[in-house]
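Chemist: What would the 3D arrangement of this be:
(one chain, ligands or ions: 2)
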Amino acid sequence: MSDHNDHDELANRRRRKRKMLHFDASGRDLVESEKPEETFADVGGLEDVKKKIRMNFILPLKQPELFAAYGKEAGGSLLLYGPPGCGKTFLARAVAGEIDANFMHIELQAILGMYVGQSENNLHDIFEKARENKPCVIFIDELDAMGGSRNQMRQHHDRILVNQLLMELDGLRTFNDQVFVIGATNTPWYLDSALRRPGRFNHMIFVPPPEEAERSTILQLKLDGKPLSSLDLGKIAKETKYFSGADLEQIVKDSVESAMERTFESGEIEPITQEDLKKAAKQRKATTLDWFATAKNYATFSDVNQDYQIVLDYMKQSGLK
Ligand SMILES: Nc1ncnc2c1ncn2[C@@H]1O[C@H](COP(=O)(O)OP(=O)(O)OP(=O)(O)O)[C@@H](O)[C@H]1O
Ligand SMILES: [Mg+2]
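Modeler: Ligands and ions are numbered 1, 2, ... in the order given. This next block holds a predicted model:
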């Protein structure tokens, strides 16, 4: 067995061992549950975001007496939003890792696809499970899918599910410390406004694209363990302004492809070169730009509560029009 396989096997075994709960309904995986090992240290940059999460989530858990003095309890919910591929899912896992909590990743699409009645019951079961497994982070990805459909029948169905979620979130306030709910969305402006009322997802956190230094780190992470010639990642980071983590991952994949093509031609393992990365970066465009264009529209024309001022500030600061 090669080193690489050994490594995979070890990682798999560790993953299996750390899978604490498993939740299944009608034979479908609605929610994946485990104890993530990633912590904030694995998330490159995003210092402001981490600080906000620390204040609202992590410190109350570690120093409950301090927060109790102000009438605050550990637990609650926050909403991560921003362009695709910039680390929302990654960050949510790291929060769980940071407080050594169980992590339940809800596949909202799977729940939404169910019959009326079944979806709400499942959602309720998930929150029950979380209470039994405190501390626990419930992660609801693509939250905007809830209540976002135009079809009349579906809208009615979604409405019921949104109401159920509201009930669960309100319940958290009364008797569920140490259960945390993190929602994520690319389109917070489509979110059902009831979900945004105080006590529900009232902490909104903008997750921006990685800065230059973070881009270097992410490239490094993604290249780790592959055959490399000597590389100047700082240079690539400079040329990939506005690229998301996922975009950078794609650049690495493209470069691997080029190196493998050469390998097949020469019959020897060919390392990934600076030129491979440079070429791949040139051929791709930052996928965050469309998001900023849309966000700017909402922030400028329909942002009554000034929720998205932070996005406008970010755009101004980083030279986005
Ligand atoms: N700050 C970061 N540090 C390290 N890796 C990152 C960072 N941001 C993104 N990544 C990497 O980029 C990839 C995409 O991140 P992730 O899936 O968390 O994005 P997302 O914001 O949830 O995207 P989407 O909106 O499409 O769901 C992941 O593989 C992650 O490892
Ligand atoms: Mg995601």
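
Chemist: For the helix or strand containing V49, buried residues please.
Modeler: Taking DSSP states H and E as the criterion, V49 maps to helix 47-53. Residues of helix 47-53 classed as buried by neighbour count (16 or more other CB atoms under 10 Å): V49, K50, K52, I53. Bear in mind the C-beta positions are built from the backbone N, C-alpha and C, glycine included.

Chemist: how far away is the residue in the stretch 201-321 of the chain positioned nearest to ligand 2 from P198?
Modeler: Closest to ligand 2 within the stretch 201-321 of the chain is A246: 8.9 Å, counting by CB to the ion. As judged by CB to CB, to the nearest Å, A246 and P198 stand 33 Å apart.

Chemist: The two: who's more crowded?
Modeler: Higher neighbour count among A246 and P198: A246, with 16 against 7, using other CB atoms under 10 Å.

Chemist: Could you report the separation of the residue in the stretch 51-200 of the chain positioned nearest to ligand 2 from ligand 1?
Modeler: Going by CB to the ion, ligand 2 is nearest to T89 of the stretch 51-200 of the chain, at 3.3 Å. T89 is 3 Å from ligand 1, where distance means CB to the nearest ligand atom, to the nearest Å.

Chemist: May I have the secondary structure class of that residue?
Modeler: Following DSSP: H, G, I helix; E, B strand; the rest coil, the label given to T89 is helix.

Chemist: again with K241
Modeler: coil.

Chemist: Tell me how many other residues crowd it.
Modeler: Neighbourhood size, K241 [other CB under 10 Å]: 16.

Chemist: Now do the contacts for the residue of the stretch 51-200 of the chain closest to ligand 2.
Modeler: F139, D141, A184 (CB atoms under 8 Å, 6 or more residues apart in numbering).

Chemist: check these against ligand 1, which are close?
Modeler: Checking these against ligand 1 by CB under 6 Å from any ligand atom, the ones in range are A184.

Chemist: sorry, back to before: adding pLDDT, write the buried residues of helix 47-53 out as TSV.
Modeler: Shown next, in TSV, are the buried residues of helix 47-53 (pLDDT from 0 to 100):
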residue	pLDDT
V49	88
K50	91
K52	86
I53	87
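
Chemist: Which one of the residues you listed is nearest to ligand 1?
Modeler: Checking these against ligand 1 by CB to the nearest ligand atom gives V49 as the nearest, at 9.1 Å.
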